[in-house]
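Undergrad: Below: sequence and its predicted model.
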Amino acid sequence: MKRVALSVALPLLFALLALAAIIYVTGPGWSVGGGEAGSGPQVPRAPAPPLGSLAIPVEGVTRAALVNGWRVAPSSRHGHHAIDIPAPVGTPVLAAADGRIEKLNDGESSGTAIYERSRDGGTIYVYAHLDHYAPALSEGQAVHAGQVIAAVGVSGDAEAAPPHLHFEVHRMAPGEAWWQGRGVNPYPLLKGAG
Ligand SMILES: [Zn+2]
């Protein structure tokens, strides 16, 4: 009898372990646009924008003030594939590069957010936890680097932290939509090589 019970229990145990491993690797948490380093299909993606090529997306913030907030963790809930740029609520949020507003979205975690597609189509810039969009901002609208597109806020799951802009950069494969792409660290792209 004991041997029979064991032959049932062991495969069950292995199945549970396998499931736990899958959850551990993929993680149940959120990431705006699913931009997780090292995961997802291996498809050709646009190269990241050159170092220091982006405009600082918050008005009045200098490159020297930026802090690297990139954390990769086995669970996306504990990772942070973005840079957080602290600023008072209402501070103008600026387009980091020339492009087009692809999606204005309200997410549970990201809050009021903007997804901007680069002019060459290969990059998506994500601006999250916004207070509000710039007046008359609309999907499909062309924007240029430095243009005011929104204001800093605490929408989504940002209430606990001091007000900040959560900013992501996603390298896109051909045909990928605004919520897809692969996250890359925005910090060196904003900060520059020096
Ligand atoms: Zn963040």
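TA: The structure has been received and is ready for your questions. Numbers count the residues shown, from 1 in each chain.

Undergrad: which residue sits closest to the residue of the chain found nearest the ion, ignoring its sequence neighbours?
TA: Closest residue of the chain to the ion, CB to the ion: His166 (3.5 Å). Placement of C-beta: from N, CA and C, glycine included. Spatial nearest neighbour of His166, chain neighbours left out: Ala128 (4.1 Å); criterion: CB to CB, 6 or more residues apart in numbering.

Undergrad: Quick one: mean pLDDT over the helix or strand encompassing the one you found.
TA: Taking DSSP states H and E as the definition, Ala128 sits inside strand 123-133. Taken as a whole, strand 123-133 carries a mean pLDDT of 98.

Undergrad: hmm, that strand touching the ion?
TA: No: judged by CB under 5 Å from the ion, strand 123-133 stays clear of the ion, getting no closer than 7.1 Å.

Undergrad: dump the residue contacts of Ala48.
TA: Thr123, Val169, Arg171, Val184, Leu189 (CB atoms under 8 Å, 6 or more residues apart in numbering).

Undergrad: Kindly recompute the last result at 6 Å.
TA: Each residue near Ala48 by CB atoms under 6 Å, 6 or more residues apart in numbering is listed here: Arg171, Val184.

Undergrad: For the residue of the chain closest to the ion, which three-state class applies?
TA: Per DSSP: H, G, I helix; E, B strand; the rest coil, the secondary structure class of His166 is strand.

Undergrad: beta partners for it?
TA: Asp84, Ala128 (DSSP bridges).

Undergrad: what about it, how many neighbours?
TA: By other CB atoms under 10 Å, 25 other residues sit near His166.

Undergrad: Likewise for Leu94?
TA: Residue neighbour count, defined by other CB under 10 Å, stands at 23 for Leu94.

Undergrad: Over to it: give its phi and psi.
TA: phi -110, psi 150 (degrees, to the nearest 10).

Undergrad: Tell me the predicted confidence for it.
TA: At Leu94, pLDDT is 98.

Undergrad: quick revisit: ok, the residue of the chain closest to the ion - contacts?
TA: For His166, the contacting residues are Ala82, Asp84, Ala128, His129, by CB under 6 Å, 6+ apart.

Undergrad: same thing with Val148?
TA: Applying CB under 6 Å, 6+ apart, the residues near Val148 are Pro92, Ala134.

Undergrad: heads up, I number from 51, so please use that
TA: In the new count, where the first residue is 51, that last one comes out as Val198.

Undergrad: in the sheet, who's paired with it?
TA: Taking DSSP bridges as the rule, Val198 bridges to Leu144.

Undergrad: Is His220 in contact with Gly231, as I believe?
TA: Yes: the pair His220 / Gly231 is scored as a contact, 3.0 Å apart, by CB atoms under 6 Å.

Undergrad: Point to the residue nearest the middle of the chain.
TA: For the chain, Glu218 is the residue whose C-alpha lies nearest the centre (CA atoms, centre = their mean; 3.9 Å).

Undergrad: Name the nearest residue to it, ignoring sequence neighbours.
TA: What sits nearest to Glu218 in space, not counting adjacent residues and going by CB to CB, 6+ apart, is Val176, at 3.9 Å.
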